[in-house]
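**Q** Would you be able to build a 3D model of this:
(one chain, ligands or ions: 1)
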Amino acid sequence: MTQKPAHDRSLALGIDVGGTNIKAAVITRGGEMTALVRRETPAKSPPHVVIDQMLSIARELIDLSRINPGMLTGIGISIAGFVTSDGKVTATAHLSRDFIGYNLYTALHDKLPQNYYFSLDTPAPTLGEAYFGAGRGIDDFAYVTVSTGIGAGIMVRGKYFTGGLGWAGGVGHTIIDENSERVCEGCGNHGCLETFAAKQGIITTARELLVQHPDSLIIKLTGGKQENITPELIYEAAKAGDPAACEVFERAGHALGLALVSLADIVAPPRIIIGGGIAQSGDFLLEPARKVIRERAFPPRIRQTEIVQAALGDLSAVYGAAAMVFFDLRINNPME
Ligand SMILES: [Zn+2]
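**A** Residues are numbered from 1 along each chain as shown. Alright, predicted model coming up:
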């Protein structure tokens, strides 16, 4: 896709409202970040509290960047919920249920008039990587976020692919083992990818392995309390060479690889970019996934699919929110 010159000084404000944190930044069209703010999401609070937090962050960023609101091309918003391109939330698993039916555009525009863009938190990081990250320069790729949940954004000929029914890319719910006892809270199926490689799946695997590894560093790092196990902590133990921790990622990465084989076989993207919090564990997760792709994808040409880590860390969605503004991208889903 066409890249704008790095000296372009147009400005957009990107806000990523996740279930845990709100991250927001002022970004130039050339991809330079002029100010960044991170705050905890008041996730269980009613919408107006979250809106007030977003507006307060936006004003803080405008001050930090020494600009006035009129200098912004617009504000892009990525949110942990299904949202129409004109700002109406239709479903959310991570924010208050009061958001369902809530119109973000009206609430925000009343207090801070701007050109607004809205997106679910899968298209946004995909677009961030497309315009500013590991997808730059290629028109066809898939972005897979591995975090509390797992989802894929698919770029086809430079455009975000939604599918005829909308929200294509639900790779997290592809079934890896239908005979598994693990049941997905999201889709209700047994043994979908999320039950093995998303946050809770990884923690479950760690708990199972700790029965055979009572001396694991994971136990020491949790202070002996299994309820303290997190993917970050397992990553710390893996970096120190702890066999149980390495095995946790080996199994999660293998399951991820099986799902990526299906994604690659069907979509044939030359590159798959892995982002989201758990992807910060890098090759501990990615190398087992690459191995499955190299051995099992078909036809053999698909085995060349590159599996790379996201270039923008945990800020892909913030950049994507800004990209929606700069490139006038509105993700419309046919079923809404
Ligand atoms: Zn599922």
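**Q** C-alpha from now on. contacts and neighbour counts both.
**A** Fine.
**Q** Could you list the domains of the chain?
**A** As assigned by automatic domain parsing, the chain contains the domains 11-128+315-326, 138-310.
**Q** so for the shortest one, what's the average pLDDT?
**A** Model confidence over domain 11-128+315-326, given as mean pLDDT, is 95.
**Q** Of all the domains of the chain, which one is nearest the ion?
**A** Shortest distance between the ion and these, using C-alpha to the ion, is found for domain 138-310: 3.8 Å.
**Q** Now the domains of the chain in TSV, please, with extra columns for mean neighbour count and distance to residue 334.
**A** Formatted as TSV, those follow (neighbours: other C-alpha atoms under 10 Å; distance: least, C-alpha to C-alpha, whole Å):
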stretch	mean neighbour count	distance to residue 334
domain 11-128+315-326	21	10
domain 138-310	20	6
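**Q** As JSON lines, the ones you listed with distance to the ion would be great.
**A** Formatted as JSON lines, the domains of the chain follow (distance: least, C-alpha to the ion, whole Å):
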{"stretch": "domain 11-128+315-326", "distance to the ion": "13"}
{"stretch": "domain 138-310", "distance to the ion": "4"}
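**Q** Nearest to residue 332, out of those?
**A** Of all these, the one in closest proximity to residue 332, counting by C-alpha to C-alpha, is domain 11-128+315-326 (5.7 Å).
**Q** Next, the distance between the ends of the closest one.
**A** Start-to-end span of domain 11-128+315-326 (C-alpha to C-alpha, to the nearest Å) is 8 Å.
**Q** Would you map the strands across the protein?
**A** Assigned by DSSP state E, the strands in the chain fall at 11-17, 21-28, 33-40, 72-79, 82-83, 89-91, 116-120, 141-146, 150-156, 159-161, 271-275, 306-309.
**Q** Make TSV from these and add distance to residue 186 to it.
**A** As requested, the strands of the chain are arranged in TSV below (distance: least, C-alpha to C-alpha, whole Å):
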stretch	distance to residue 186
strand 11-17	20
strand 21-28	21
strand 33-40	24
strand 72-79	18
strand 82-83	14
strand 89-91	12
strand 116-120	16
strand 141-146	15
strand 150-156	11
strand 159-161	22
strand 271-275	20
strand 306-309	25
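**Q** nearest to residue 319, of those strands?
**A** Smallest distance to residue 319 across these (C-alpha to C-alpha): 6.4 Å, for strand 11-17.
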